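Visitor: Sequence unavailable; structure follows:
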């Protein structure tokens with residue numbers, strides 16, 4: 001991680017929701033857009049690094065049988081574990097990317113609001129590790145704020161461009177607004193099953 005861990009420690013000091021994930025309409029709406037953008041109803045195994053206090057994680061837990069979350073901050077790990085307590089198949093680990101990559105394959109990896117905190121070399125390593133750990137029909141979802149963030153080594157736009165330039169994946173979805181960009185990349189092109197029943 002290019003941005004030091006102390007940056008996140010200060011954010012979580014005395015504040016269990018430093019980005020206002022629970023209270024800001026922008027964050028709540030973006031989370032719903034992200035979850036609605038997932039073309040499959042269910043994923044066998046999902047990885048979400050940089051899970052913060054677990055607000056997005058709770059939505060992902062509804063869509064999988066095995067959710068692995070990760071954050072480098074002790075407070076965030078504790079908060080995410082508390083948030084995910086109702087889902088026994090959700091696990092939160094402490095770790096720092098790119099070095100602390102979990103083992104095994106994933107059907108979905110969600111890289112949301114993380115790319116700009118790593119320099120391009122580290123971010124490319126994260127993307128390459130993500131690609132290597134996707135199942136044969138796996139997918140990678142990226143979602144990032146598009147405005148510059150002071151002290152960060154790259155922008156959200158640059159984080160997405162690096163994936164497009166270096167990874168061999170099929171982009172199935174691109175959703176761009178003034179404030180954020182969301183993309184869904186697949187190992188193999190996916191066809192929507194119109195006969196899949198609603199829950």
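Guide: It's in. On a predicted model such as this, the values are computed, not experimentally measured, just so you know.
Visitor: what is the mean pLDDT for stretch 83-102?
Guide: The average pLDDT within stretch 83-102 is 95.
Visitor: Count the residues that sit near residue 128.
Guide: 14 (other CB atoms under 10 Å). From N, CA and C alone the C-beta is placed, and that goes for glycine too.
Visitor: low-confidence ranges in the chain?
Guide: Within the chain, the ranges that satisfy pLDDT under 70 run 1-13, 15-21, 191-199.
Visitor: Okay, strands next: where are they in it?
Guide: For the chain, the strands defined by DSSP state E cover 46-48, 67-71, 90-94, 106-112, 134-145, 170-176, 180-186.
Visitor: Reformat the ones you listed as CSV; add distance to residue 59 and mean neighbour count.
Guide: Shown next, in CSV, are the strands of the chain (distance: least, CB to CB, whole Å; neighbours: other CB atoms under 10 Å):
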stretch, distance to residue 59, mean neighbour count
strand 46-48, 10, 26
strand 67-71, 10, 25
strand 90-94, 11, 18
strand 106-112, 10, 24
strand 134-145, 12, 20
strand 170-176, 16, 14
strand 180-186, 14, 20
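Visitor: Distance to residue 27 added to the ones you listed, as a markdown table?
Guide: Shown next, in a markdown table, are the strands of the chain (distance: least, CB to CB, whole Å):
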| stretch | distance to residue 27 |
| --- | --- |
| strand 46-48 | 15 |
| strand 67-71 | 17 |
| strand 90-94 | 20 |
| strand 106-112 | 11 |
| strand 134-145 | 10 |
| strand 170-176 | 16 |
| strand 180-186 | 10 |
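Visitor: What's the separation between residue 37 and residue 180?
Guide: 12 Å (CB to CB, to the nearest Å).
Visitor: Now for those two: what residues contact both?
Guide: Contact with both residue 37 and residue 180 is made by no residue, according to CB atoms under 8 Å, 6 or more residues apart in numbering.
Visitor: Next, the contact list for residue 168, please.
Guide: Applying CB under 8 Å, 6+ apart, we find residue 168 in contact with residue 131.
Visitor: For it, what are phi and psi?
Guide: phi -90, psi 90 (degrees, to the nearest 10).
Visitor: picking up where we left off before, what's the closest of the strands of the chain to residue 164?
Guide: Proximity to residue 164, assessed across the strands of the chain by CB to CB, is greatest for strand 170-176 (7.5 Å).
Visitor: which helices and strands sit right next to the closest one?
Guide: Contact here means 3 or more CB pairs under 8 Å, 6 or more residues apart in numbering; DSSP states H and E; on that basis strand 170-176 packs against helix 25-37, strand 180-186.
Visitor: okay if I get these as CSV plus distance to residue 111?
Guide: Shown next, in CSV, are the helices and strands packed on strand 170-176 (distance: least, CB to CB, whole Å):
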stretch, distance to residue 111
helix 25-37, 11
strand 180-186, 10
